[in-house]
Every structure is written in C-alpha cells, then in structure tokens.
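Got a sequence here, can you build the structure:
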Amino acid sequence: MTKRLTSSTFSVEKLSEKIRSGEISPVDLVEICLNRIKKFNPMLNAFITILEQEEIYREAQIAEKQIKQGKYSGHLHGIPFSIKDIFCAKKVRCTAGSKILSDYIPDFDATVVKKMKAAGGILIGTNNLNEFASGITGINPFYGSSKNPWNISRISGGSSGGSAVAVAAGMTPISLGSDTGGSIRVPASLCGVVGLKPNYGRTSRYGVIPLAPSLDHVGCLTRSAWDAAAVLECISGSDPLDQTSVQRKVPFYTDIVEKESVDKRICVKVPNRYFFDSLNLEVENLFYNFMQTKLINATIIDVDLPNTEKYYKSWRDIRLSEAAEIHLTSLRTRSNDYSSEVRNMLIEGTKISAVEYLHAISITKKIRGDFLSILNKDSDVIVVPTTTIPAPEFDEKTVSIGDSLFEIREALLRNTMIFNSTGLPSLSIPIGLTKDKMPIGVQIIGAPFKEDVILSIAYNYERMNSIANTFVPPLSD
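Okay, the predicted model is just below:
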C-alpha cells in the first residue's frame, strides 16, 4: 500500500478519495508521513517540532473509527498537516524560529489550527522558518536552515521555507503558512509547490505570532490548486477573535474549481513595467512559454501601472515599523537574543517616523486603487513571475540580472510584497524547470476575494498539463 503512494500522488485530492473509500486508512497515512520525515528531515531540516507519535496515532485512530462508522466529515478528514512554527497549537512548542520563544508552549489553538482539527486534520508537527518570520530565505541561525529538496545546496526560500520543503518532499500533504511579503509564495515557487495567500481578512490571524499586522496573511502550501481550495474552504471565515477577519460567505471552493469550465474565458492583465524589468533569462523564457502555450482561453492584455517606484519603500516602511512596535519591549530587554539580522531590521524600524508610516499607508491605498482599476471584472486576473530568480545557493549574497546587481532578499521579494500591501489574493503555481532542474513559479492575482477565480485557472492548468508528475524533487521518493 505504501509503495503506491509516491510523492506525485501525495495530494489531498487523491488521498481523501482513498481514505473515504477505505483503500487507505488515516493510520497508514500518518505512518507514511512519519517514515518520510524520519528519512528526509535529517537532510532537509523542514521541521522544528514533531508531535509525539503516540498522540499522532491516537488522532489517526479516532479519525479511522469515525470514517468506518460513516461519520466522514469532508476532504481533510484523516489528512495529516503541519504548521509553520509561528502558529499556536495547544501543548505544542511554538518557537517562531527564535531564541526568545524557544520554550513557549501555548495553551490554545490558533483559529485556523482549530478549524483544521475540527475538519478531521491530524497535526503532525511544526515547520522551520526564518526567525520571527522576518526573512525570505529560509535561513535560520538558531534551528538550522531548511534546504531545497531539488538541490540541498540551494535555499528553500522563506519565511515559510520548512513548510514548502515538507510538502515538496512528501513529508506532509499540507502546511499552513503566513505571508507578509511573499513568505508563502516565494518558497512555493523555489520548491515547486502551490502557495496560496488569500485576500486580507479572508482567514483569521488569531493565534499566529504577528510580524506586521497590516501585511500579515494566513494561507497554505499544498501540492495542487485543488488541495489549496480544500484547505481554504476549511480555514476561511470571520473570527470574533480577529477584528481584521471579514464577515463574508465562504464559497465551496473545491466544487467551484471542479465545475468551472475550461471554456470560460478569462482576461489576463500583464503589467508592462516593474515585474519584468529585472528578470533572470530562464525565468523570463519559462514565463512567456506559459503565457503563450499553457493558459486556456485567455485574453491577454498589456497594462500600465503608475507608482511602481513606490512599491518597495511603502511596503518596507510599514513592515519594519510595525515589526519594531511589536518587538519594542524585547528589543530593549533581550536585544542580544535576536540574530544580528533581525535585530538590525528592528532597529531600522524604530527610526521610521509616524509621519513616514502614515505616508506609507496613504501611498499603499493609492497603489491598491491602481490595481483595482485594472481588475474591474470578477474574471480579471494579473499574471506575473513569482520570483525574478530561481533558488540561489546558500552562499550567494547578490545576483546579477542584466546589467544590475541585486541583493538576494530584494530579488526574491520584488514581485510578491506589493500584493501584501494591497491585500489581493495571490496564488503561486509551478510552471517549469530551469536547465539546472530548479522549479519556477508564476503568480495569479485576482480581484478582491476572488480566490475561486485564481484557483480555477490553476486547477485547469494542472489538469491539462499533468503537473503532479512534473514537479517531483529528487529528495522525495
């Protein structure tokens, strides 16, 4: 039984069918996950904490019994999942990848974790990340760095790096992640999995240690768009414990992506500037091949966006100042317990004045208006490369693109962070491999709360192109 479940078939869509039919049991499935963790995690370092096996098996046995009694509760029933180690789970250590919270054990579940458990999901562990989610590389000085399963000399991306690695290597079918500037989508792109950042307010952030509340989003990393739809269906909805969550009907996303016809026309807007100004040549070639040959029934329109020169600074001023305010007490009392990188970022945040912060908020509202002006129909989407480069090696600090030299952080963040500022739903899907066999992704960005549209486009693309068998890293089977 276990031999038939290769990494390419390790998706919620396929596993849920097998569980419901009795072909595989939740107990079998958690055993497969634990065996893969035992095999791959020592090399890939995707997990910080793995729950006690006795507890995991007990939850799997409960799920198995319920399903046999005809009490099947849906797609996630009996499915193992992991969480970025910034989500609180009752009686599970939550370090946020930091020294400061190394011994923190919450006595409650984050809202989205609670929802996953209520749907029958089985929590198996917490995933590695940048310290306090304050980074885009997956490099962590305290717990070691997560490594890319396509090539362990290359970074996973971050800050949800361990989550992307765990899903890519088939150690778990689902991981919940957070995204403040690209922290779900960047590692998804670099590791060849699907990364969903829903619309701001679609999911609760309660119980997720904040980085910059105006920019923080909660989403997921999975092996397919259908899987992401199933997770979003579960974790969405308003939460009285999070005032930023929106009171809005939650669609049945899996039904929608299955029923949306490939004949339905979509309008794809491609910005002329900024997102394509500094692209690695292989990323550029894969992107245009995707646009020309892989999108079904798409009308493609080039568009101009103003204020692109203000994208980074407006995001940066909000990101750094809000993080500094959150960490102000610890920065004063435990400064040496931060890594030098994070400490310096927090100090930079304290230097941003209230006037500069408010100005950044004002600019961000204008930029959001710019995007809304081109997403004027529900079927409108924007498509751009997720990252400007493939996964760099660990010792690379800068990258040359054309005649320009970029810091790795800037190159990775460039195409993603503005969709945190604007709060628009964004999905990264893998579209191809470089000559060095490293995955590349594109982002599909939708109108406000139109996750169903971007998921449907991705689902149709996957269905037409046998994606499950294409993006299987060497370290997975």
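
the strands in this protein, which residues?
Ranges of strands in the chain, per DSSP state E, are 47-50, 80-84, 122-127, 175-179, 194-197, 217-222, 266-271, 298-303, 380-385, 398-401, 404-407, 426-433, 439-446.

Any idea which of those gets closest to Ser11?
Closest to Ser11 of these is strand 217-222 (Cβ to Cβ; 7.3 Å). Every C-beta, even on glycine, is put in place using the N, C-alpha and C of the backbone.

What helices and strands are in contact with that closest one?
For strand 217-222, the elements it packs on are helix 161-168, strand 175-179, strand 194-197, helix 225-235, judged by 3 or more Cβ pairs under 8 Å, 6 or more residues apart in numbering; DSSP states H and E.

Tell me which of those sits nearest to Ser476.
Among those, the nearest to Ser476 by Cβ to Cβ is helix 161-168 (6.7 Å).

Same list (the helices and strands packed on strand 217-222) but as JSON lines, adding mean pLDDT.
Shown next, in JSON lines, are the helices and strands packed on strand 217-222 (pLDDT from 0 to 100):
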{"stretch": "helix 161-168", "mean pLDDT": "98"}
{"stretch": "strand 175-179", "mean pLDDT": "98"}
{"stretch": "strand 194-197", "mean pLDDT": "98"}
{"stretch": "helix 225-235", "mean pLDDT": "98"}
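
just these: most buried one?
helix 161-168 (a mean of 36; mean count of other Cβ atoms under 10 Å).

pull the CA atoms of it into PDB?
Only the C-alpha atoms of helix 161-168 are listed here, as PDB (Å, rounded to 0.1, in the frame of the first residue of the first chain):
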ATOM      1  CA  GLY A 161      10.600  27.500   4.000                       C
ATOM      2  CA  GLY A 162      10.100  24.400   6.100                       C
ATOM      3  CA  SER A 163       6.500  24.300   5.100                       C
ATOM      4  CA  ALA A 164       7.400  24.300   1.400                       C
ATOM      5  CA  VAL A 165      10.100  21.700   1.800                       C
ATOM      6  CA  ALA A 166       7.800  19.400   3.900                       C
ATOM      7  CA  VAL A 167       5.100  19.500   1.200                       C
ATOM      8  CA  ALA A 168       7.500  19.200  -1.800                       C
END
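
Run the angle between it and strand 175-179 for me.
When axes from the mean of the first three to the mean of the last three Cα atoms, to 10 degrees is applied, the directions of helix 161-168 and strand 175-179 differ by 140 degrees.

Relative to the whole chain's centre, how far out is helix 161-168?
9 Å (Cα atoms, centre = their mean, to the nearest Å).

From the contact counts, what lies against it?
strand 47-50, strand 80-84, strand 122-127, strand 175-179, helix 185-191, strand 217-222.

Number of residues surrounding Ile374?
When neighbours are defined as other Cβ atoms under 10 Å, Ile374 has 17 of them.

what ranges of the stretch 1-150 of the chain fall below the confidence cut-off?
The model of the stretch 1-150 of the chain has pLDDT under 70 over residues 1-8.

Nearest to Asp304, out of the helices and strands packed on strand 217-222?
strand 194-197 (24.6 Å).

Can you list the strands that that closest one pairs with?
Using DSSP bridges, the strands paired with strand 194-197 are strand 217-222 (antiparallel), strand 426-433 (antiparallel).

I'd like the helices and strands packed on helix 161-168 as CSV, with distance to Arg409 appended.
Formatted as CSV, the helices and strands packed on helix 161-168 follow (distance: least, Cβ to Cβ, whole Å):
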stretch, distance to Arg409
strand 47-50, 22
strand 80-84, 19
strand 122-127, 21
strand 175-179, 15
helix 185-191, 10
strand 217-222, 19
